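Participant: Give me a 3D structure for the following:
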Amino acid sequence: MRPNDSKLTPDIVHSHAQKLLAQVLPQGELKCRISWDSFLNVFILMSVLKSSLFAVVKQHPFGVSHVTFRLLVERVMPDIQTLENRLVDSFFIPFNREMKRKSYVIAIDTHLDPFYGDRTTSSIVGGKKKQGTQHFYGYATAVLLQRRHRLTVGLIALTKADKPHHIVEKLLQQMTTRGLKISGVVMDAGFDSGDVYALLQRENLPCVVPMQRKGTSKKGRNAMWGWKSGTADTQS
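Facilitator: Residues are numbered from 1 along each chain as shown. Sure, this is the predicted structure:
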């Protein structure tokens, strides 16, 4: 076997993540005992450990309480739209001219992280019961695969008002305004919607989406579930 001579180390990954995050969050005067680097490290730990702010600050010696840190976040964090734009801008930093000349098939998906707090909290969305709750922090992503690397190229926070076609439209706009050429879209069954198909037809984008049964009727699209395995046909 070819020896693994990769020089990529945890320190390099951490340093790179910290530099990117510093471009997303505007550096300000924290006016407390925690340094700016430590402030950024809390977010990195939250991401790596998939843990809450409370758990990370309680378990690691940052020198401030979780209450103080939460107040710092509220003071320093930009509004959600600005944060989204800066995060997506950071996704495109690795793209060189050659990569931007190519076109890509994009995979779009939604993600729901369980929420157990006050249901009136802003930015909480509903969904099918999972892990003991029907309330979630929701976000949607667009990704592509390039040379065995998975690159995120779109990100939006979900709201209660977002329909599947709204999600697709917002993500497509994020990518195209940054010069990414899209040749097709892959999505899960949650995007099986006439409004989604109409949007993609207007954009002249082919797509692959698993279809779902609609109701109990055996007519229309539901008739396809009576086809023999291996059957290929069209359905309007």
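Participant: remind me, longest strand of the protein?
Facilitator: Across the chain, the longest stretch assigned as strand under DSSP state E is strand 133-146.
Participant: is Val143 in a bridge, and if so with what?
Facilitator: Beta bridges link Val143 to Ala107, Thr152, judged by DSSP bridges.
Participant: Let me know the pLDDT of it.
Facilitator: Val143 is assigned 96 on the pLDDT scale.
Participant: Leu155 is in contact with that one, correct?
Facilitator: No. Assessed by Cβ atoms under 8 Å, Val143 is found out of contact with Leu155, at 9.8 Å. Any C-beta I mention is one placed from the backbone N, CA and C, and that applies to glycine too.
Participant: Quick test: name the residue nearest the centre of the protein.
Facilitator: Central residue of the chain (Cα atoms, centre = their mean): Thr141, 3.2 Å from the mean position.
Participant: Please verify my assumption that Ile182 contacts Tyr104.
Facilitator: Yes. The criterion here is Cβ under 8 Å, and Ile182 meets it with Tyr104 at 6.3 Å.
Participant: which residues are in contact with both of these two?
Facilitator: Counting by Cβ atoms under 8 Å, 6 or more residues apart in numbering, Ile182 and Tyr104 have no common neighbour.
Participant: on that earlier part again, Val143 and Leu155: which has the busier surroundings?
Facilitator: Leu155 (21 against 18; other Cβ atoms under 10 Å).
Participant: Would you mind confirming that the more buried one is in contact with Arg86?
Facilitator: No. In terms of Cβ under 8 Å, Leu155 does not count as a neighbour of Arg86; the distance is 10.5 Å.
Participant: returning to that earlier point: residue contacts, the residue nearest to the centre of the chain?
Facilitator: Going by Cβ under 8 Å, 6+ apart, Thr141 touches 108-109, 111, 152, 154-155, 171.
Participant: Could you rank the residues you listed by neighbour count and give me the top one?
Facilitator: Highest neighbour count within those: Gly154, with 25 neighbours (other Cβ under 10 Å).
Participant: my guess is it contacts Ala142, does it?
Facilitator: Yes. Checked against Cβ under 8 Å, the pair Gly154 and Ala142 is within contact range at 3.1 Å.
Participant: Next, show the common contact partners of these two.
Facilitator: 106, 108, 171-172, 174-175.
Participant: Now render the residues you listed as CSV, adding distance to Pro210 and pLDDT.
Facilitator: Listed next are the shared contacts of Gly154 and Ala142 as CSV, based on distance: Cβ to Cβ, whole Å; pLDDT from 0 to 100:
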residue, distance to Pro210, pLDDT
Ile106, 17, 95
Ile108, 13, 97
Leu171, 19, 97
Leu172, 20, 97
Gln174, 24, 96
Met175, 23, 95
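Participant: Contacts for the helix or strand of the chain with the lowest mean pLDDT, please.
Facilitator: In the chain, no helix or strand scores lower on mean pLDDT, DSSP states H and E than helix 97-101, which sits at a mean of 81. Helix 97-101 has contacts (Cβ under 8 Å, 6+ apart) with 146, 179-181.
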